[in-house]
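J.: below is the sequence, then the predicted model.
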Amino acid sequence: MKNKDLKLMSTDELWSLHEEICSTLSAKLGAEKQTLERRLARLKGRIERQKKARRPYPKVHPKYRNPDRPSETWSGRGKQPRWIGAQLKSGKKVDDLLISRTH
């Protein structure tokens, strides 16, 4: 289109041309971006949309032990196990369930 043709167009015609150009340009840019992202992923040797790895947390040693079943332990983090609730209802204190630390 020549510059003279644009000057002869009405405001409505120019606006519809503007919207058509914007939608076409948006679609082409999106397709080009997707192509480039795929190529970049192949170059880096990784899968697209890969989740970030969580940072490693140190192992937490158990702090409490069930006296009825010594294999059941709890570190004191997270949700309280049922056996802790049962021991507390039976009259014991949380301090009674502590694992003795001998150094």
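T.: Perfect, thanks for sending it. Residues are numbered from 1 along each chain as shown.
J.: domains of this protein?
T.: Each domain of the chain is listed here as a residue range: 3-44, 64-97, per automatic domain parsing.
J.: among those domains, which is the most enclosed?
T.: Mean neighbours per residue, mean count of other Cβ atoms under 10 Å, is largest over the domains of the chain for domain 64-97, with a mean of 12. Using the backbone N, CA and C atoms, a C-beta is placed for each residue, glycine as well.
J.: mind putting the domains of the chain in TSV, distance to Arg55 included?
T.: TSV is the format used below for the domains of the chain (distance: least, Cβ to Cβ, whole Å):
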stretch	distance to Arg55
domain 3-44	21
domain 64-97	17
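J.: make a markdown table out of those and add mean pLDDT.
T.: Below are the domains of the chain laid out as a markdown table (pLDDT from 0 to 100):
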| stretch | mean pLDDT |
| --- | --- |
| domain 3-44 | 89 |
| domain 64-97 | 92 |
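J.: so which of those domains is nearest Tyr57?
T.: domain 64-97 (10.4 Å; Cβ to Cβ).
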